[in-house]
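> my questions are about this predicted structure, shown below with the sequence.
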Amino acid sequence: MWMLPGQNQSWVSEFILLGFSSDPTSNRILFIIFLLLYLSSVLGNGLIITLIGLDSHLHTPMYFFLSILSLLDMGYVTTTIPQMLVHLISSSKTISFAGCWLQMFVFGAMGLTEGIFFAVMAYDRYVAICHPLRYTVILTWDLCMRLAAGTWACGFFLSLIHTFFTMRLPYCGPNIINHYFCEGPSVRSLACMDIHLIEIVDLIITTCVIVAPLSLILASYIHIAKAILKIKSIQGRCKAFSTCASHLTVVTFFYAPAIYIYMRPNSSYTPEHDRQVSIFYNVFTTLLNPVVYSLRNKDIKVAFLKVMGHGRVAW
C-alpha cells in the first residue's frame, strides 16, 4: 500500500550517498580524475555546440541534431558529477529527499530523451543516404523542431512517471544509498514494501525508450545498408558508411550499459557493479560523443580551424 498522510510511520527526510570510497586519499585522487573528465566532457560538448552555432555551413538538420545531443550530454553529466565531486572532498554525503527526487527526475529526463533522440538521428541518416535529393524537402526545419520538441517532451514525461512511482514508495528504514547519485534501482532497494508494481512500470518505460528506438534504428540501418550496397564506387560506399559510423558507435556505448542497468529485475541489483557501469554511461559516453564526432567529421574540423583563425583547409 502507498504511504498516506496521517499514517503512524516515519519517512526518510534525507539520504546518504556512499560514493566510491571512505578513504580520504582515494577520494582526493578520484576528485581530480572526475573533475578532469567532467571538464573535458563539458568543454568538448560545448565546443561542438559553439562551432555549429558559429559556422553557417553547419546549419543543417544533421548538425542541428548533433548540437542537441551535445546539449543533452552536458545536462546529463552535470546532473550528477558536480555533487559527486563535492561529496568526494566533503565529510557530509547527504542529499535531501527533495534533492534526490529532483536529481533522479532530471537525470532520467536527460537519459530518456537521449535514448529516444538516437532514433531521430538514425532517421536523419536514413533520409540523407536513401533519399539524398529530397533531404531538405523531407527534413524541413519545421519537422526538425517538432522532432526535437517531441523527444524532449517524451523524455521529461516518462521520467516524471518513473520518478513519481519511485519516490512515492515508503522509505521508512535505512537511508544509505550505495551509489554516488540517486539512481532509480539503488533508491528503490531501500523501500520498505514490495516493488513488483514499480518494476513493471519501469519495464514499460524501458520498452518505450530502449526497445522501440532500437527497433527504429535497426530498421533505418537495414535500409541504409541496402542503399550503400547499391553504390558502385568503393569510395562512395566508404563515404556513406563513415557518416553513419559515428552514430552507430555512440548508440552502442549508450544502449549497452542502459540495457544492463534497467532491463532486469531489481532483485538482481548489485550496487558495486552497477555503480561502475553507471560511471561508464554517465561520464565516459558523454566524453566519448564529442571525440567520436569531431575526429571522424571533416566539417567539424574545418569549422574549428576557421574559428581558430586558420581559414579554410582542404582535407
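Happy to help now that I have it.
> tell me how many other residues surround residue 218.
11 (other Cβ atoms under 10 Å). No exception for glycine: its C-beta is placed from N, CA and C like everyone else's.
> before we move on, what about residue 93?
The burial count for residue 93: 19, using other Cβ under 10 Å.
> residue 124 now?
What residue 124 shows, counting by other Cβ under 10 Å, is a neighbour count of 24.
> ditto for residue 18
Neighbours of residue 18 (other Cβ under 10 Å): 16.
> can we start the residue count at 641 from this point?
Right, with 641 as the first residue, what we last looked at is residue 658.
> excluding chain neighbours, what is closest to it?
residue 818 (5.1 Å; Cβ to Cβ, 6 or more residues apart in numbering).
> give me phi/psi at the one you found?
For residue 818, the backbone dihedrals (degrees, to the nearest 10) come out as phi -80, psi 70.
> right, and it touches residue 827 too?
No. The pair residue 818 / residue 827 is not scored as a contact, 10.5 Å apart, by Cβ atoms under 8 Å.
> these two: which is more packed in?
Each of residue 818 and residue 827 has its neighbours counted (other Cβ under 10 Å); residue 827 has more, 22 against 17.
> for the more buried one, pull up the helix or strand it's in.
helix 824-828 (DSSP states H and E).
> average model confidence for the helix or strand that that helix is followed by?
The helix or strand immediately downstream of helix 824-828 is helix 836-846, counting by DSSP H and E. Confidence for helix 836-846, expressed as mean pLDDT, is 78.
> and helix 836-846, what does it pack onto?
Here helix 836-846 touches helix 781-807, going by 3 or more Cβ pairs under 8 Å, 6 or more residues apart in numbering; DSSP states H and E.
> excluding its backbone neighbours, what's nearest the residue nearest the centre of the chain?
For the chain, the residue nearest the mean C-alpha position is residue 751 (3.8 Å; Cα atoms, centre = their mean). Among residues not flanking residue 751 along the chain, residue 716 sits closest, at 6.3 Å (Cβ to Cβ, 6+ apart).
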